[in-house]
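Asker: have a look at this prediction, sequence included:
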Amino acid sequence: MQLQLQDLCKQYATKCAVNHVNVNLAPGIYGLLGANGAGKTTLMRMICGVLKPTSGRILLDGKTIEELGERYYSHLGYMPQDFGFYPDFTAREFMLYMAAVKGLDTKTAKERTEQLLHMVNLHEVANKKVKSYSGGMKQRLGIAQAELNHPSILILDEPTAGLDPKERVRFRNLISDFAKEKIVILSTHIVSDVSYIADYIFMMKNGQFLLDEPMETVTDGIKGKVWEFLADNREAAQYSRHFSVVNLHHENNLVRLRIVSDTAPAANAVTVEPSLEDLFLYHFGEDAQSERSDDDAD
């Protein structure tokens, strides 16, 4: 199975939300990283057929989604960023309703509903109304409905936003369990959500892909550009104003700084092995600084 995005564009008046994206996807987990407004959600909505591209094509195994029609959508499972639940439905009622929307027969719908509610650990509260659920429970219900039709393409848009660290770990494990022999696209600006489970990383900025790399080699481009060193409090404040600081840690009366920079920020700075978070900060700078607070909880 191969999903191809060929010269894909989406234009809104003067803003180009997605700008000539070209990529071929085989089964695997793809982490789609970018700051808010990078074009991630627009790209995913086009893949799901919710938005029509201004130009370009989306193909599954060589056929456009227009040619495939309903056959294409039978391959899709989609969990949008703001999933619309019916609050007075129970989880079981909601799953059966979504199964009907997806065209599953009654017997299959019941079997899949029970199977998935067990998999996402909601079977014991399946008869409680969704409005009584926590954020994490709703997210687990969201991925369960996306899996109802055994999709071969699973699209997850910011699935862990707002979850506490424990729920995020549980959710990542669920994605790994569901991902076997599928194309899974996981969009997020929370770097740790993809660093553990992704096979490939796409980094998106201003509607374009900055990089498309396997996880094993994705940080190779910034080797020799991540530094650590000790400074006093006054110096640390100055470095924070002039450099992209990934982390700072107080040690006795000094501060250990981790900085991403093309050149050594201080005479006593030594290079260290780069991480995915370092790479994200290298490309997004101040945009990334304001969005890392969720990661800091891990």
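Answerer: All right, it came through fine.

Asker: tell me where the stretch 101-250 of the chain has helices.
Answerer: 106-119, 135-146, 165-178, 192-195, 233-242 (DSSP state H, counting those that start in this stretch).

Asker: looking at these, which is buried most?
Answerer: Sort these by mean neighbour count, taking mean count of other Cβ atoms under 10 Å, and helix 192-195 sits at the top with a mean of 24. All C-beta atoms are positioned from the backbone trio N, CA, C, and that covers glycine.

Asker: could you list every helix and strand in contact with it?
Answerer: Packing partners of helix 192-195 (3 or more Cβ pairs under 8 Å, 6 or more residues apart in numbering; DSSP states H and E): strand 28-33, helix 165-178, strand 183-188, helix 276-284.

Asker: so what strands line up beside the first one?
Answerer: Partner strands for strand 28-33, per DSSP bridges, with pairing direction: strand 183-188 (parallel), strand 200-205 (parallel).

Asker: in JSON lines: the helices of the stretch 101-250 of the chain, plus mean pLDDT.
Answerer: Listed next are the helices of the stretch 101-250 of the chain as JSON lines, based on pLDDT from 0 to 100:
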{"stretch": "helix 106-119", "mean pLDDT": "94"}
{"stretch": "helix 135-146", "mean pLDDT": "88"}
{"stretch": "helix 165-178", "mean pLDDT": "83"}
{"stretch": "helix 192-195", "mean pLDDT": "85"}
{"stretch": "helix 233-242", "mean pLDDT": "91"}
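
Asker: out of those, the one nearest Gln2 is which?
Answerer: helix 165-178 (19.8 Å; Cβ to Cβ).

Asker: so what's Ile58 up against?
Answerer: 3-6, 8, 46-47, 64-65 (Cβ atoms under 8 Å, 6 or more residues apart in numbering).

Asker: quick one, domains of the protein?
Answerer: Per the record, the chain has its domains at 3-214, 220-296, by automatic domain parsing.

Asker: and of the strands paired with strand 28-33, who's closest to Ala17?
Answerer: Where those are weighed against each other on Cβ to Cβ, the nearest is strand 200-205, at 10.5 Å.

Asker: how about residues contacting that closest one?
Answerer: So strand 200-205 is in contact with 23, 28-35, 38-40, 43, 194, 209-215, 218, 276, 279-280, 283-284, going by Cβ under 8 Å, 6+ apart.

Asker: now do the strands in this structure.
Answerer: 3-12, 15-25, 28-33, 55-60, 63-64, 76-79, 153-157, 183-188, 200-205, 208-214, 226-231, 244-251, 254-260, 270-271 (DSSP state E).

Asker: the fifth one pairs with which strands, and in what direction?
Answerer: Looking at strand 63-64 with DSSP bridges, its partner strands are strand 55-60 (antiparallel).

Asker: tell me the angle the strand it pairs with makes with strand 153-157.
Answerer: Orientation check (axes from the mean of the first three to the mean of the last three Cα atoms, to 10 degrees): strand 55-60 against strand 153-157 gives 130 degrees.

Asker: in strand 55-60, what's buried?
Answerer: 56, 58-60 (16 or more other Cβ atoms under 10 Å).

Asker: and what of stretch 69-78?
Answerer: 72-73, 75-78.

Asker: also stretch 118-133?
Answerer: 119-120, 122-123, 125-126, 129-130, 133.

Asker: would TSV of the residues you listed with distance to Val260 be doable?
Answerer: Shown next, in TSV, are the buried residues of stretch 118-133 (distance: Cβ to Cβ, whole Å):
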residue	distance to Val260
Met119	39
Val120	37
Leu122	41
His123	45
Val125	44
Ala126	46
Lys129	47
Val130	42
Tyr133	39
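
Asker: so of the strands paired with strand 28-33, which one's packed in deepest?
Answerer: It is strand 183-188: most buried of the strands paired with strand 28-33 by mean count of other Cβ under 10 Å, with a mean of 24.

Asker: for Gly103, give me phi and psi.
Answerer: The phi and psi values for Gly103, taken as degrees, to the nearest 10, are phi 90, psi 20.

Asker: before we move on, the earlier item: distance to Arg140 and mean pLDDT added to the strands of the chain, as TSV?
Answerer: Formatted as TSV, the strands of the chain follow (distance: least, Cβ to Cβ, whole Å; pLDDT from 0 to 100):
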stretch	distance to Arg140	mean pLDDT
strand 3-12	26	94
strand 15-25	25	93
strand 28-33	18	94
strand 55-60	28	95
strand 63-64	34	94
strand 76-79	10	92
strand 153-157	12	93
strand 183-188	15	92
strand 200-205	25	93
strand 208-214	29	92
strand 226-231	35	96
strand 244-251	31	90
strand 254-260	34	95
strand 270-271	41	96
